[in-house]
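Undergrad: Next come a sequence and a model predicted from it.
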Amino acid sequence: MLRLSLRHISEVYLYEYYKNPDEYEISDTDLARPHIDKANMLLSEQRNNEALQEYLAAVMENPVSFEAVSGIIICCKRLGDIEGAYKYTKEMYNICCTRAELATYYRNMGWYYLEKYDPDLSAALYRFSTFLVESEAAEQEIKYLETALNKPMGREKSEEIIEILKQNNIPTGPSNITLALLIKAGEEAEDSGNYIQANDCYMMVYDLTQDDEIGDRITRIKNIIM
């Protein structure tokens, strides 16, 4: 039987929905973590091919690990595998559970379209990422485009930036399915008395939506935990 290192109820919900698995069981220990730690070390030493293999091994253990998928994308970028980076970036979208993770998705998309010689869309994506989380890296990419093309880039109003993304069939916020899965995971955890993981799930949803009802759930759980 397939054994996976899903360490949180949110990962279970994401995996079962997006990966449509056959029967599986959850490992007692985190088998993905050693691969990720080794990959991070190899990446810091510019041993990109070796790092990629470790990140891929981590994804085999935990197919919804944002950290592992993000590592694969970094390796693909360094190795010049543009389409590989794009493939995993598209997969990344469904497992973005925080504003920071979602901003990473948009920066990766910005990189892809820069490589595909679409500077206007690239700048819009980098700019949109800063609506979620301020990023010096995104700002530097926009400045690079402005210098290269000798014109303002990514300076449109927010609604115009959003329209550019929509015209290119790029989502302009978190996946509604992912949000629903996180809420369901939180509810199951709460019903079973696992208030720590329930709070984790609700906090992720609140980070992405600032929804008042979710905020009330967080307050209720914190009162129980305290």
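TA: Looks like it came in fine. Numbering: from 1, shown residues only.
Undergrad: contacts, neighbours, all on C-alpha from now
TA: Will do.
Undergrad: so what pLDDT did the most far-flung residue of the chain relative to its centre get?
TA: Centroid-distance maximum for the chain: N150 at 32.2 Å, with CA atoms, centre = their mean. Note for N150: predicted pLDDT of 95.
Undergrad: For it, give me phi and psi.
TA: When read as degrees, to the nearest 10, the backbone of N150 gives phi 60, psi 50.
Undergrad: swap in L2?
TA: Torsion angles at L2 (phi, psi; degrees, to the nearest 10) stand at phi -60, psi 130.
Undergrad: same question, A100
TA: According to degrees, to the nearest 10, A100 has phi -60, psi -40.
Undergrad: Would you agree it is in contact with V133?
TA: Yes - the pair A100 / V133 is scored as a contact, 6.1 Å apart, by CA atoms under 8 Å.
Undergrad: Which stretches in the chain count as helices?
TA: 9-18, 32-44, 48-61, 66-78, 82-93, 99-115, 119-132, 136-149, 158-167, 176-191, 195-209, 212-225 (DSSP state H).
Undergrad: thinking Q197 is in contact with A189, fair?
TA: Yes - at 6.3 Å, Q197 counts as touching A189 under the criterion of CA under 8 Å.
Undergrad: For M1, find the nearest of the helices of the chain.
TA: M1 sits nearest to helix 48-61 of all the helices of the chain, at 13.0 Å, using CA to CA.
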